[in-house]
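Student: fold the following for me, if possible:
(chains A and B)
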Amino acid sequence: MENAKAFIARRTARELHDGDVVNLGIGLPTLVPAYLPEGTHVILQSENGIIGLGPKPAPELADPLHVTDAGGQASAVAPDGCYIDSCTSFGLIRGGHVDCTILGALEVDAEGNLSNWIIPGKRVPGMGGAMDLVVGAKKVIVAMEHTARGAAKILKQCRLPFTAVRCVDLIITEMGVMQVTPQGLQLVEYNPEFTIEQIRKATEAELLISDDLREMV
Amino acid sequence: MPKFISMEDAARMIPAGATIMVGGFMGCGSPHGLLTELARIGTGGLTLICNDGACPNGPDGSEFYGVAKLIHNRQVKKLIATHVGLNPEVAAQMNEGTLLVELIPQGSLAEMIRAGGYGLGGVLTPTGYGTIVQDAPHVHSVIEIDGVNYLLEKPIRADFALLGGHTIDRAGNIWYKGTTRNFNLPMATAADIVIAEAEHIVEIGAIEPENMMTPGILVDYVVGGME
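Tutor: As a prediction, this is how the structure comes out:
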């Protein structure tokens, strides 16, 4: 099997449609665009002020004093993109003009609650734009490894402070794809390298099995 | 018309204990000359409103980039920001109990500043509902409208706004390059005294009226750009 992160990114790319406006969290989500099928182009939004984030510029073309992404790294705008201020950026986010946000989680639970911004007493980086993104984007996908060093991250109820309540639509891991439904988490695809029993063991939340369960490709 | 003054005169206007809002996102779009001067003078007890705590090792070769200088010098007693994870000194000073940090979601902070400058009594946003943000002092109350829960966030203003412009004309109109406009735009409206730093100062007419991003009437003082 390919590296778990690449596998997750490849499957996540299938959730995106041509023309979607997409905001990517740091880490694994940034791998997703590389797996978009030919002919599918998405418009990346960077909340610090870019609609249409371009490919990372070569060092001699970079202008890190004036053009960066939300991680503060030298960046570029696509030829058809534009720059915006912070009010416009978050107006677009809260206003439902961003089709999809893909981000990681410390914990996610059966109700679609998400915790990914603080570990009280240990790590207090701040929420940045995450709380607005998961409340405002039309579709919220958590793309992450199923467990953290063997400990479950998909829980009955998040234990860490929430980023937002009932905000997650879909969870994609190396083990499967889970949809948040009013009845709870529903496994809609599974990776055949794992048994359903193994997936259930790695998940604290109860997993409902879809009648239409498919293999994850 | 704004007054064109030296970096030192501008920095000395800011008294100890002042509340300052500083434009920029991880230092990109911050008024670097003014911050360097404020750090050199060492004015203390500041309340700093900024998207973040910036970071060490700036792309301009600085040891402490943007507002990180003020934090490193311990000139800040309270920081109101959205993200402080890339400046390890913020967590260190927080844990020592020497720096108070108030975290606000990024979209809410931008809009609270805009409300402060646009004469609005607050911001109704769904962001933060059901989280610990709901109990923060900047939240007035929770309001349900047509079945949706919102936080009523209070407007925010400062004594001084320090902006990082690219090209500024003699009337104080500002044009920003790349992603530098970020928080500079709302902050230009939300402080008693607005000081804008220019990379380039140009004559009136050099920036087309259609391309002004901050109207010059908001700007009290301009620094930099003289070289």
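Student: how far off centre is the strand or helix carrying A:Ile171?
Tutor: Taking DSSP states H and E as the criterion, A:Ile171 maps to strand A:170-172. Its chain's C-alpha centre and that of strand A:170-172 lie 8 Å apart, by CA atoms, centre = their mean, to the nearest Å.
Student: who touches it?
Tutor: Applying CB atoms under 8 Å, 6 or more residues apart in numbering or on different chains, the external contacts of strand A:170-172 come out as A:8, A:11-12, A:15, A:108, A:139-144, A:154, A:177-180, A:185. Where C-beta positions appear, they are placed from N, C-alpha and C, glycine not excepted.
Student: apply 10 Å and report the result again.
Tutor: A:7-12, A:14-15, A:28, A:32, A:100, A:102, A:105, A:108, A:112, A:114, A:139-144, A:146, A:153-154, A:177-180, A:185, A:187-189, A:203, A:205, A:216 (CB atoms under 10 Å, 6 or more residues apart in numbering or on different chains).
Student: who's in contact with B:Ala206?
Tutor: Counting by CB under 10 Å, 6+ apart, B:Ala206 touches B:Thr167, B:Ile168, B:Asp169, B:Arg170, B:Asn173, B:Trp175, B:His200.
Student: which elements pack onto the lengthiest strand in chain A?
Tutor: Counting residues, the longest strand in chain A under DSSP state E turns out to be strand A:207-215. With contacts taken as 3 or more CB pairs under 10 Å, 6 or more residues apart in numbering or on different chains; DSSP states H and E, strand A:207-215 sits against strand A:176-181, strand A:184-190, helix A:196-201.
Student: where are the low-confidence patches of chain B?
Tutor: Counting by pLDDT under 70, chain B has low-confidence residues at B:227.
Student: which ones among the contacts of strand A:170-172 are found in helices?
Tutor: Mapping those onto helices (DSSP state H) picks out A:Phe7, A:Ile8, A:Ala9, A:Arg10, A:Arg11, A:Thr12.
Student: can you pull out the helices in chain B?
Tutor: Using DSSP H, helices in chain B cover B:7-13, B:32-41, B:68-72, B:88-96, B:106-118, B:184-187.
Student: and chain A, is stretch B:36-50 touching that?
Tutor: No: applying CB under 10 Å from any CB of the partner chain, one finds stretch B:36-50 out of contact with chain A, separated by at least 11.5 Å.
Student: buried sites along that stretch?
Tutor: Judged by neighbour count (16 or more other CB atoms under 10 Å in any protein chain shown), stretch B:36-50 contains these buried residues: B:Thr36, B:Glu37, B:Leu38, B:Ala39, B:Thr43, B:Leu46, B:Thr47, B:Leu48, B:Ile49, B:Cys50.
Student: cool, and stretch A:114-122?
Tutor: A:Leu114, A:Ser115, A:Asn116, A:Trp117, A:Ile118.
Student: got those residues as a markdown table, with pLDDT and distance to B:Glu8 columns?
Tutor: A markdown table is the format used below for the buried residues of stretch A:114-122 (pLDDT from 0 to 100; distance: CB to CB, whole Å):
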| residue | pLDDT | distance to B:Glu8 |
| --- | --- | --- |
| A:Leu114 | 98 | 48 |
| A:Ser115 | 98 | 47 |
| A:Asn116 | 96 | 44 |
| A:Trp117 | 96 | 40 |
| A:Ile118 | 96 | 40 |
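Student: with that, I have no additional questions.
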